[in-house]
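Colleague: Mind folding the following:
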Amino acid sequence: MNESLPIWDIHSEIADTLAVQNRLVLTAPTGSGKSTQVPQMILDDVLCGGGKVVVLQPRRVAARSLARRVAWERSAKLGGEVGYQVRFENHTGPETKIEFITEGVLLRRLQDDPHLANVGAVLFDEFHERNLMSDLALGLVKKLQCIERTDLKIIVMSATIQTGPIARYLGQADDDPCRVLASDGRTFPVEIRFGQYHNRNPVTEQAAETVITAPQQQASGPGDVRQGAVLNAGRGSEKQVQKANDRTASGTPQTRGLRHLKVAEDQSTSSLDRPWSSAQSTLK
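Modeller: Residues are numbered from 1 along each chain as shown. Purely as a prediction, here's the structure:
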């Protein structure tokens, strides 16, 4: 586990809350460590290894990458203590304690195993990207908890969701919402530099070229490790950036100091303004 991440500042509050309550809403900025650290906190300090932690992810790529990261942090083999299951892929086993899955997999599991046997906690991660399946999954898990599995923990996590409505939905009554915890993020200084001339090349090519030139201009010394992100500008951007990454891996000592450039897609903005009230009828 990486206890240097900001989410660890509220570790004791998370454990204490889930010791007396079975529902929690957690909001934490991107990069605070909630997706990788909270499942481990719950397994080690709340369930004490006595049940499985199921973490719902809105996308398959996130389930895969998070499972690999958590497995690496725990020095475990993927598919052993930590695994993931998405459509057509199942990297779990009898010993799996932390499992990253998509909403569709959980809905199918609820059909085959309505009681969610051996599951001690269900985490709904990135819930601001909610859709029909995630809303239905939350409603079914809440119903299961109310009727049969009063010991089951439900944790809803997000970086941007409005906590009031979801806290009231998970509360015992409208005037008694469930506990909401917030973690501070971590900020870093940002310097903006503009090109010295008008570049008519495609944006993808400009981004790839920046990967090469930026370390030479900015590197503070040998071994300086840098990492960047570029907003996906359309078709071809991933290939262009991959070419640049390949060039930095075999380039000059300055370019070898750059770890890699990631292609980011602004997938969450479409869900930020989606009103929570539009789904409450489905959840109820």
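Colleague: Going by C-alpha atoms from here, please, whenever you check contacts or count neighbours.
Modeller: Noted.
Colleague: Next, count neighbours for residue 13.
Modeller: 12 (other CA atoms under 10 Å).
Colleague: Assign it to helix, strand or coil.
Modeller: Classification of residue 13 by DSSP: H, G, I helix; E, B strand; the rest coil places it in helix.
Colleague: dump the residue contacts of it.
Modeller: residue 181 (CA atoms under 8 Å, 6 or more residues apart in numbering).
Colleague: Now with 10 Å, please.
Modeller: Residue 13 makes contact with 19, 181, according to CA atoms under 10 Å, 6 or more residues apart in numbering.
Colleague: same deal with residue 173?
Modeller: By CA under 10 Å, 6+ apart, the residues touching residue 173 are residue 167.
Colleague: can you pull the pLDDT of residue 29?
Modeller: Residue 29 carries a pLDDT value of 88.
Colleague: and the residue nearest the centre of the chain, what helix or strand is that in?
Modeller: Nearest to the geometric centre of the chain sits residue 35, at 4.1 Å (CA atoms, centre = their mean). Applying DSSP states H and E as the criterion places residue 35 in helix 34-41.
Colleague: so the residue nearest to the centre of the chain touches residue 156, yeah?
Modeller: No - in this structure, residue 35 is not within contact of residue 156 by CA atoms under 10 Å, at 11.0 Å.
Colleague: Need the overlap of contacts for these two.
Modeller: The contact sets of residue 35 and residue 156 overlap at 55, 56, 123, 124, 125, 126 (CA under 10 Å, 6+ apart).
Colleague: can you count the residues close to the fourth one?
Modeller: Other residues near residue 124 come to 25 when the count uses other CA under 10 Å.
Colleague: tell me the contacts of it?
Modeller: 25, 35, 54-58, 102-103, 130, 134, 137-138, 154-158.
Colleague: before we move on, the earlier item: tabulate the shared contacts of residue 35 and residue 156 (JSON lines), appending distance to residue 19.
Modeller: What follows is those, written out as JSON lines (distance: CA to CA, whole Å):
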{"residue": "55", "distance to residue 19": "19"}
{"residue": "56", "distance to residue 19": "22"}
{"residue": "123", "distance to residue 19": "16"}
{"residue": "124", "distance to residue 19": "19"}
{"residue": "125", "distance to residue 19": "20"}
{"residue": "126", "distance to residue 19": "23"}
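Colleague: between the residues you listed, which is closest to residue 198?
Modeller: Proximity of the shared contacts of residue 35 and residue 156 to residue 198 was ranked by CA to CA; the top entry is residue 126 with 38.7 Å.
Colleague: list the buried ones in stretch 49-69?
Modeller: For stretch 49-69, the neighbour count (16 or more other CA atoms under 10 Å) marks 51-58, 60, 62-64, 66-68 as buried.
Colleague: So which of those residues is the closest to residue 198?
Modeller: Residue 198 lies nearest to residue 62 out of those, by CA to CA, at 36.8 Å.
Colleague: now the closest one: how far from residue 18?
Modeller: Going from residue 62 to residue 18 by CA to CA, to the nearest Å gives 25 Å.
Colleague: same question, residue 80
Modeller: Distance of residue 80 to residue 18, given as CA to CA: 26 Å.
Colleague: any idea which helix or strand carries residue 156?
Modeller: Residue 156 belongs to strand 153-158 when assigned by DSSP H and E.
Colleague: between that strand and helix 34-41, how many degrees?
Modeller: Going by axes from the mean of the first three to the mean of the last three CA atoms, to 10 degrees, strand 153-158 is angled at 160 degrees with respect to helix 34-41.
Colleague: Direction included, what does strand 153-158 pair up with?
Modeller: Looking at strand 153-158 with DSSP bridges, its partner strands are strand 23-27 (parallel), strand 119-124 (parallel).
Colleague: out of the ones you listed, nearest to residue 168?
Modeller: Among the strands paired with strand 153-158, strand 23-27 comes nearest to residue 168, with 10.2 Å by CA to CA.
Colleague: Identify the residues contacting that closest one?
Modeller: With CA under 10 Å, 6+ apart as the test, strand 23-27 has contacts from 7, 14, 17-18, 34, 38, 121-126, 142, 145, 152-164, 166-167, 170-172, 177-184.
Colleague: sec struct for residue 161, please.
Modeller: The assignment at residue 161 comes out as coil when based on three-state DSSP.
Colleague: picking up where we left off before, ok, for the residue nearest to the centre of the chain, nearest residue in space, not its chain neighbours?
Modeller: residue 125 (6.8 Å; CA to CA, 6 or more residues apart in numbering).
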